[in-house]
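Engineer: Whatever this is, show me its structure:
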Amino acid sequence: MYKFTSKEYSDYLGITASALRKRRLKGKLEGLYKVIDGKFMYAAPRPNKENGTGIGQGFVVKKRRRNVPRHRTQYKSTAFALANDLKQLARIKKLLNENELAEITPEIFDVAKERRQKRLQEQLAPSPTDNNKYGQGLYNPLKSYGNYKRIKYSDEIEDEDREFWRR
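Structural biologist: The predicted structure is shown next:
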């Protein structure tokens, strides 16, 4: 049962002998080793039966796809992506609990689209205001608003000062 030395077991796990020793000292390998004749002997690792993954050769561990950019997601339709985005947003804002999040369905998106269309149509409807006054903005050059002087540049001001002092 305990047939691997420290070096063999560390090679089997794909780590260094020092990393294996540190795991043993932290207590992460309890029940997987025994001291026989002053040497640490290790048992072959068994697969984890609860979640279907195992340690060592021959076991394929599925890589988790976390923090995947939007353009690399593998959604079959946009409705599923939108539903997940909405759930994540609600979790971030802490608006809904887990049971309420489970009730979010793609039909909610249809309702939201209909409401938005109604709002846009209301905004595009002709307003009851007077529409025959085109072209009158904030400034109307036809009306006189007082004596407006042209703004002078600094070099023009300097030229005027020179002329004044030359007299």
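Engineer: Where do the helices of this protein begin and end?
Structural biologist: Counting by DSSP state H, the segments of the chain that form helices are 6-13, 17-26, 78-93, 98-102, 106-124, 154-166.
Engineer: Reformat those helices as a markdown table; add mean pLDDT.
Structural biologist: Formatted as a markdown table, the helices of the chain follow (pLDDT from 0 to 100):
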| stretch | mean pLDDT |
| --- | --- |
| helix 6-13 | 90 |
| helix 17-26 | 92 |
| helix 78-93 | 78 |
| helix 98-102 | 74 |
| helix 106-124 | 85 |
| helix 154-166 | 82 |
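Engineer: can you put those in a markdown table and add distance to residue 37?
Structural biologist: In this view, the C-beta of every residue, glycine as well, is placed from N, C-alpha and C. Formatted as a markdown table, the helices of the chain follow (distance: least, C-beta to C-beta, whole Å):
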| stretch | distance to residue 37 |
| --- | --- |
| helix 6-13 | 13 |
| helix 17-26 | 17 |
| helix 78-93 | 55 |
| helix 98-102 | 54 |
| helix 106-124 | 66 |
| helix 154-166 | 95 |
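Engineer: Nearest to residue 41, out of these?
Structural biologist: Checking the helices of the chain against residue 41 by C-beta to C-beta gives helix 6-13 as the closest, at 8.6 Å.
Engineer: and that closest one, what does it pack onto?
Structural biologist: Counting contacts by 3 or more C-beta pairs under 8 Å, 6 or more residues apart in numbering; DSSP states H and E, helix 6-13 packs against helix 17-26, strand 39-43.
Engineer: follow-up on the earlier one: just put the helices of the chain in JSON lines and tack on distance to residue 68 and mean neighbour count.
Structural biologist: Formatted as JSON lines, the helices of the chain follow (distance: least, C-beta to C-beta, whole Å; neighbours: other C-beta atoms under 10 Å):
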{"stretch": "helix 6-13", "distance to residue 68": "28", "mean neighbour count": "17"}
{"stretch": "helix 17-26", "distance to residue 68": "29", "mean neighbour count": "13"}
{"stretch": "helix 78-93", "distance to residue 68": "11", "mean neighbour count": "13"}
{"stretch": "helix 98-102", "distance to residue 68": "20", "mean neighbour count": "10"}
{"stretch": "helix 106-124", "distance to residue 68": "21", "mean neighbour count": "10"}
{"stretch": "helix 154-166", "distance to residue 68": "58", "mean neighbour count": "9"}
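Engineer: If anything else comes up later, I'll come back, but that's it for now.
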